[in-house]
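Undergrad: quick one: sequence and predicted model below, then my questions.
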Amino acid sequence: MSQPVAAVTGAGSGIGAAIARELGSRGYHVVVSDIDAEAAATVARGIASAESHRLDVTSPADCDALVNNIVTAHGRLDVWVSNAGISKMQRFVDISPADLVRNFEVNTYGVFYCGQSAARAMIALGTPGRIINTASMAAKQGGVPFLADYVASKFAVLGLTQAMAFELAPHGIRVNSVCPGFVATPMQTRELAWEAQLRGADPETVKQMWINDTPLGRLEVPEDVAKVVAFLASDDAEFLTGESISVNGGAFMD
Ligand SMILES: NC(=O)c1ccc[n+]([C@@H]2O[C@H](COP(=O)([O-])OP(=O)(O)OC[C@H]3O[C@@H](n4cnc5c(N)ncnc54)[C@H](O)[C@@H]3O)[C@@H](O)[C@H]2O)c1
């Protein structure tokens, strides 16, 4: 049997890169994609069996093209991880329409478009598929400062995950989300600087606040998320669909 194929978006950095590496270590051929082609290529070079592509998840045509490319080359698509996301911290009253639209384009529409492309291919292939969306702790509670557009776009991902899981279950496709907490990535470095500025504090103080909010007592690392994604992709999660799994060291319990 040919090697199973897993595709990860936003895999040139942080959580997506860790997911790509984790799936690669578990025997998948990994399709590493990112809007930053060079970042994707660098990650792919560190994985035993991988290829890289530039993908802007806000383009439905590009999502379709990448999926078609994968199916033509490999004849299968087992796992799709919609992980690409953006954030910009600012007060609710200061968020511009352009920032709001861009946030939804990447964080919500990107998950929608990629999910459609992957699901169409998985249905046509007639093989079991798994789709995993990276949501957030901020997808389950709005008590998060300076991220109102992000919170709204990530809450939408949870509803979408359930709707996709419901409609795709008859095709043998499972759809779930992961909800990370305070993960040490380039996105977090940017958020530390923004939140420190908005609070009039220094970044180290903000970082300590986040650790204090985490019962397991440390910042999350991308690999904490990647291992749960690998579980959701595996047959150990065979009867699990429509769920959004918190992976946050206890920072928010639901
Ligand atoms: N870091 C955290 O604390 C945290 C917490 C909860 C959820 N998340 C979510 O995890 C995911 C990954 O975040 P991260 O912390 O690794 O961020 P990151 O900024 O390190 O990586 C995000 C990657 O997405 C890519 N990207 C951005 N726009 C894109 C687009 N239009 N199309 C394709 N790729 C695009 C970027 O180039 C980058 O490589 C995001 O969905 C984020 O919202 C992060």
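TA: That came through, no problem.
Undergrad: residue 143 versus the residue nearest to the spatial centre of the chain, what's the distance?
TA: Centroid-nearest residue in the chain: residue 83, 2.1 Å away (criterion: Cα atoms, centre = their mean). As judged by Cβ to Cβ, to the nearest Å, residue 83 and residue 143 stand 24 Å apart. In this view, the C-beta of every residue, glycine as well, is placed from N, C-alpha and C.
Undergrad: do residue 188 as well
TA: 18 Å.
Undergrad: the more surrounded of those two?
TA: For the pair residue 188 and residue 143, the greater number of neighbours falls to residue 188 (18 against 7), based on other Cβ atoms under 10 Å.
Undergrad: show me the contacts for that one.
TA: Residue 188 makes contact with 182, 219, according to Cβ atoms under 8 Å, 6 or more residues apart in numbering.
Undergrad: same thing with residue 76?
TA: Residues in contact with residue 76 (Cβ under 8 Å, 6+ apart) are 2, 4-5, 125, 127.
Undergrad: how about those residues in JSON lines, adding pLDDT, distance to the ligand and secondary structure?
TA: JSON lines is the format used below for the contacts of residue 76 (pLDDT from 0 to 100; distance: Cβ to the nearest ligand atom, whole Å; DSSP: H, G, I helix; E, B strand; the rest coil):
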{"residue": "2", "pLDDT": "90", "distance to the ligand": "27", "secondary structure": "coil"}
{"residue": "4", "pLDDT": "98", "distance to the ligand": "23", "secondary structure": "coil"}
{"residue": "5", "pLDDT": "98", "distance to the ligand": "19", "secondary structure": "strand"}
{"residue": "125", "pLDDT": "98", "distance to the ligand": "24", "secondary structure": "helix"}
{"residue": "127", "pLDDT": "93", "distance to the ligand": "26", "secondary structure": "coil"}
